[in-house]
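Trainee: Predicted model and sequence follow; I will ask about them next.
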Amino acid sequence: MSQSMNRRAMRAGSAAVAALLAIGLTSCAATSNGATSADGGSSGDGAGSGEKVTIKFAWWGSDSRVASTQQIIDAFEAENPDIHVEPVSTSWDDYFEKMNVMAAGNDLPDVMTQDDRYLTEYASRGLLADLASLDVDTSKVDQSVVDTGKIDDTLYGIATGVNVHAVVADPAVFEQAGVALPDDTTWTWEDYSDIAAQITAATGGSAYGVQNYSFIEPVLAIYARQHGEEIFTKDGAIGVSPETIESWFQRTVDQIASQAEPSAETATEIQGAGVDGSLPSTNKGAMAWFWSNQLSAIEKSAGRPLTLLRAPGDSEFERTGEYLRAAMYYAVSAKSEHPAEAAKFVDFMLNSQTAGDINLTDRGLPANLEVREAILPKLSDADKTSAAFIESLTDDGTFADSKPVPPKGSGEVSDITGRINSDVIFGKITPADAAQRWIDEVNKAIGQ
Amino acid sequence: MSTTTLPPGGLRPRTTDLAAQVPARRRRGRWRGRTGSAIRHTAMILGCLVMIYPVLWLLGSSFKPTSLIFRELSIFPSEWDWTNYSVGWNSLTYQFGRYMLNSLAIVGGALLGNLVTCAMAGYAFARLRFRGRNIWFTIMLITIMLPIHVIIVPQYVMFQRLDLVNTFWPLIVPKLLATDAFFIFLMVQFFRGIPRELEEAARLDGCGHARIFLRVMLPLAVPALATTAIFTFIWTWNDFFSQLIFLTSDDVKTAPLALKMFTDSTSGSNWGPQFAMSIVTIIPLFLIFLFGQKYLVKGIATTGIK
Amino acid sequence: MSAISELRTLSTKRRGPRPTAVTNLRKSDGRAAAVFLAPWFLGLFAITLFPLGASAYLSFTRYDMLSAPQWVGLQNFVDMVHDPRLLQSLRVTFTYVVTGVPLQLVAALAIAVLLNQGMRGLAFYRSVVYLPSLMGGSVAIAILWRQVFGEDGLVNKALGVFGIEGMGWVSNPDTALWTIVLLHVWTFGSPMVIFLAGLRQIPDMYYEAAQLDGASKWRQFRSVTLPLLSPIIFFNLVMQVITAFQAFTQAYVVSGGTGGPSDSTLFYTLYLYQEGFQNLRMGYASAMAWVLVLIVLAMTGANFLLSKFWVFYED
């Protein structure tokens, strides 16, 4: 009871602060919600009403995307002279800290690009509008791709484009090692490890077989799916067994021992160097796992043509593991004062050929299949490779089902996986302990 | 820290006597000879090379094509890419100079604020007696102990309510209101180094606090003001985080924000132009320091003269 | 706090009887203080106090920034006790403070003394020595650090000359933190400048007197320089301890925001940032922030207390 007294005292003491915070956090919501229906309705229909509407569009990316996005905005404004689009852009590293703070201030941009990591977080807290209720045409997008942005049957985000996680391979290193590129429709995980070890041995260590994979959550997702599991089930619980996780980490340990992949120290260094410093980017290795749209950046660093291989083991177990993932999503703020205009802009980004021609594959291979078809001839060689790669996986029916949308808190899984992997590769814990810790920490993150 | 064997209080009476006998001469020490000087300069230059290495590396790398930056350890580019500077300057929404000017505007406001209000607060804490001074001083110190990351969210909410987000005001107004306690504390320590006799003489002449502050304390505290000015300049210029949070649109972005636009960890970064513009943004800082530090050191020496 | 009592003894220390004019002025101190502190008070109440209070309030809530905070009482503080990463971050931070701060101050003082000699081109040397500090949190530092301390880095190349086999200093959990301590020591520019200023403040006559006494350079340093410089050393120590506890940028940049490898560079503030901004636990982060304030306050208090034994003020 003294605790409850304390509590009350503290509450009273901080009442003023709380009230102020509450004003910041909720009052705006009330007013702008009220304005939404009136405002949005009228300006959406009454084209010539004269009032110029300003909407904010937020995205992450570097200077080249800033320039291309501005071009798209200019084209959109030319078509819609009564709408002004104000760009909000930061680098990827800073994007969500800025969005989170803007959300705290009830100040989210009307349109924003979203990522897997935060889509559920934002949607489940009522920050995103239901795109199905707005005027966004998704008929040209594959249904399974549309579904990646659905949470509990509500469309919170529409995929900008699609990606596949796959193995980036450097044919030159294979040739140098005298090892043939594997047939990626049949290769097993054993083949993968063997080939990698052969390459390291044959090149005398001047090139490694493969870059460590167990920092990377999507590889675990693929591996789990091959074993008939999912990292998260449809109900939002962990769906991957400790045995699967253990064998996944075990392969890393074995590969370090066989020198198929670099030592723990080197692996950590390479991981920290990101896309620009990966093994294939620096001509120092034959294989590494990346998203298909990262191929062009890696190829640019490498200065020679690279190729994509399907995940090993896709024909080995119960089912295929590869899945289509939305590169990013367009989402509309639930508190936008101009939802109709916001939707119009999303529709333009998604469906207009003008936008598609400027974007190309910058936001993933376009989700709109017609736009995708039309831009194919304009792509760089690397982008053509990854487009053809996705095409062939689609034709083979590899993407049998889509990966369930992960629950709240799942954004931490990537960090947890990387952290535990560090402990595994430096020999601080065994793969079995790692599996258990992974499950414990992920459960904590998703609040179970 | 070891305790000292000879407290200055004990030293002073004797030294003043002795000082009267010894003609003032410059201390030159044992490095008088030419060879000694040469050796010393060599050592200094070697030491400087270690210190300057990162900047030389940055400078060298800013002339390398992006793909070489990761592969080449050498400072000297094996392949020169002169375009990094023109690409870096021109490839953002505005020319890079625009972002530098924005940074300068914020720095200007911060300078004005810190110089005037921190000096005032410092004087009050160092020289005035008032009720609750202990508590206020402690509160002042606490305000620098909270990490910015938890303060920024309420601060954002506040400035957003005032409709000041995406302007320079959230970055300048706090400085105008002496929220940078580091400099208050710095001013306190420097004011305390100023002999009281000067001030008390002024008081006997009938000067009020305002005149003492303006005519006696401030001129004597010029070095402290210079320190404040230099550090404010450099730290405000480099302050990435609050600028990221408060500035949104391209026309108000600052140099550090603009620099970050060259990097994209999800795909390739434009390290070449990024490094080139990093060099460009360091230049004003280096110049400020190069010219400011003489003034700063010399100024401080004057406070020691009684 | 002792700092203030010390300030008070100082300001009340009077030399001889005080004329009435001065006494009158003393009486007007309160009003003058109100004027001189007016901007600061305004800033405190209008700008600082609200975030301060809000973060204190939020430390008792579950707050994700995306929705309104929920009161959870002391839960955040209870959770902290059972949080292994928090303990790790404390370990990392204390190691850093205990080693990095003294090393940096000693380096800053040594270089300041060196640069205080009569010598040509000192202005230039001083500016050059300050350069690493100018680079601050530039992302270039991350790449540079890998190229210097990486497996194929410069340090290992240098060691190779002597036949010593190096290692991946930045990527090894046992050594990563030390490279950041080194980075901290390297950026000694700010305390050095303040030391330099303090050194110039010491009148030459003290050294001349000491020389007449036949004191060696080292003895001069110990008996003249150190005591007369002690208020400045004290200022640097206090401020460096405070800022070192909040160290963030260097670890963030070098580890790519992870605090890795294996949490070996997980600084307290970095962890706080991860929890608050990435994992949307701003309530927990606020609780962490206030625990940090208590720790730093205790350290600062201890510093002020201990200062009685080694800091000498001239007035």
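Mentor: Done, it's in. Numbering: from 1, shown residues only, chains lettered A, B, ... in the order given.

Trainee: rest of the way, CA atoms for contacts and neighbours
Mentor: OK.

Trainee: what sits against residue 279?
Mentor: Chain wasn't specified; assuming chain A. Taking CA atoms under 8 Å, 6 or more residues apart in numbering or on different chains, we find residue A:279 in contact with A:208, A:210-211, A:270, A:285-288.

Trainee: Not quite, go with chain C.
Mentor: So residue C:279 contacts A:409, A:411-412 (CA under 8 Å, 6+ apart).

Trainee: how about it, phi and psi?
Mentor: phi -100, psi 10 (degrees, to the nearest 10).

Trainee: per-residue confidence at it?
Mentor: As predicted, residue C:279 sits at a pLDDT of 91.

Trainee: again with residue C:86
Mentor: Predicted confidence (pLDDT) for residue C:86: 96.

Trainee: tell me what the helix or strand hosting it is packed against?
Mentor: Element membership for residue C:86 (DSSP states H and E) is helix C:84-114. Judged by 3 or more CA pairs under 8 Å, 6 or more residues apart in numbering or on different chains; DSSP states H and E, the packing partners of helix C:84-114 are helix C:176-186, helix C:189-201, helix C:226-245, helix C:268-273.

Trainee: Next one: residue A:387 from residue A:160, what distance?
Mentor: Per CA to CA, to the nearest Å, residue A:387 is found 15 Å from residue A:160.

Trainee: Among these two, which residue is more densely surrounded?
Mentor: Neighbour count, other CA atoms under 10 Å in any protein chain shown: between residue A:387 and residue A:160, residue A:160 has more, with 28 against 23.

Trainee: Confirm for me that the more buried one is in contact with residue A:350.
Mentor: Yes: using CA atoms under 8 Å, residue A:160 is in contact with residue A:350, at 6.6 Å.

Trainee: list the residues that contact both of those two?
Mentor: Common neighbours of residue A:160 and residue A:350 (criterion: CA under 8 Å, 6+ apart): A:366-367.

Trainee: Check which residues of the helix holding residue C:86 are buried.
Mentor: Buried positions in helix C:84-114, judged by neighbour count with 16 or more other CA atoms under 10 Å in any protein chain shown: C:86, C:88-97, C:100-109, C:111-113.

Trainee: How about stretch A:252-272?
Mentor: For stretch A:252-272, the neighbour count (16+ other CA under 10 Å) marks A:252-253, A:255-256, A:258-272 as buried.

Trainee: ok, now stretch B:123-139?
Mentor: For stretch B:123-139, the neighbour count (16+ other CA under 10 Å) marks B:123-130, B:133-134, B:137-138 as buried.

Trainee: From those, pick the one nearest residue B:234.
Mentor: Nearest to residue B:234 out of those is residue B:123 (CA to CA; 23.9 Å).

Trainee: what's next to stretch B:114-124, contact-wise?
Mentor: Here stretch B:114-124 makes contact (CA under 8 Å, 6+ apart) with B:175-178, B:180-181, B:183-188, B:191, B:213, B:225, B:228-229, B:232, C:32-33, C:36-37, C:39-40.

Trainee: And the pLDDT for residue B:180?
Mentor: Looking at residue B:180, its pLDDT stands at 88.

Trainee: what's the answer for residue A:17, then?
Mentor: Residue A:17 is assigned a pLDDT of 50 by the prediction.

Trainee: what's the weakest-modelled helix or strand in the chain?
Mentor: In the absence of a named chain, this looks at chain A. Within chain A, confidence by mean pLDDT, DSSP states H and E is lowest for helix A:28-45 among all helices and strands, at a mean of 37.

Trainee: looking at chain B here, not the other one
Mentor: Ranked by mean pLDDT, DSSP H and E, the weakest helix or strand in chain B is helix B:8-21, scoring a mean of 36.

Trainee: which secondary structure elements does the very next helix or strand once past it contact?
Mentor: Using DSSP H and E, the next helix or strand after helix B:8-21 towards the C-terminus is helix B:34-61. On a contact count with 3+ CA pairs under 8 Å, 6+ apart, helix B:34-61 meets helix B:271-304, helix C:122-135, helix C:140-149.

Trainee: any idea which of those scores lowest on pLDDT?
Mentor: It's helix B:271-304: among those, that one has the lowest mean pLDDT, namely a mean of 75.

Trainee: Just give me the closest of the contacts of residue C:279 to chain B.
Mentor: Taking CA to the nearest CA as the measure, chain B lies nearest residue A:411 of the contacts of residue C:279, at 16.0 Å.

Trainee: Report the residue spans of chain B with pLDDT below the cut-off.
Mentor: Applying pLDDT under 70 to chain B flags the ranges B:1-33, B:295-306.

Trainee: quick one: residue A:155 and residue A:131 touch, right?
Mentor: Yes: the pair formed by residue A:155 and residue A:131 meets the contact definition of CA under 8 Å, at 5.4 Å.

Trainee: Identify the residues contacting residue C:155.
Mentor: C:148-149, C:166.

Trainee: do residue A:309 as well
Mentor: By CA under 8 Å, 6+ apart, residue A:309 lies in contact with A:166-169, A:184.

Trainee: Identify, from those residues, the entry nearest to chain B.
Mentor: Set against chain B, the nearest of the contacts of residue A:309 by CA to the nearest CA is residue A:168 (13.8 Å).

Trainee: Next, the closest residue to residue B:238 other than its chain neighbours: secondary structure please.
Mentor: Excluding its sequence neighbours, the residue lying closest to residue B:238 (CA to CA, 6 or more residues apart in numbering or on different chains) is residue B:256, at 6.5 Å. Following DSSP: H, G, I helix; E, B strand; the rest coil, residue B:256 is assigned to helix.

Trainee: and residue B:256, how many neighbours does it have?
Mentor: When counting by other CA under 10 Å, one arrives at 23 neighbours for residue B:256.

Trainee: Was I right to think it contacts residue B:235?
Mentor: No: with contact defined as CA under 8 Å, residue B:256 does not reach residue B:235; the gap is 11.5 Å.

Trainee: Tell me if the helix or strand containing residue B:102 is near chain A.
Mentor: Element membership of residue B:102, judged by DSSP H and E, is helix B:96-113. No: judged by CA under 8 Å from any CA of the partner chain, helix B:96-113 makes no contact with chain A; its nearest approach is 12.0 Å.
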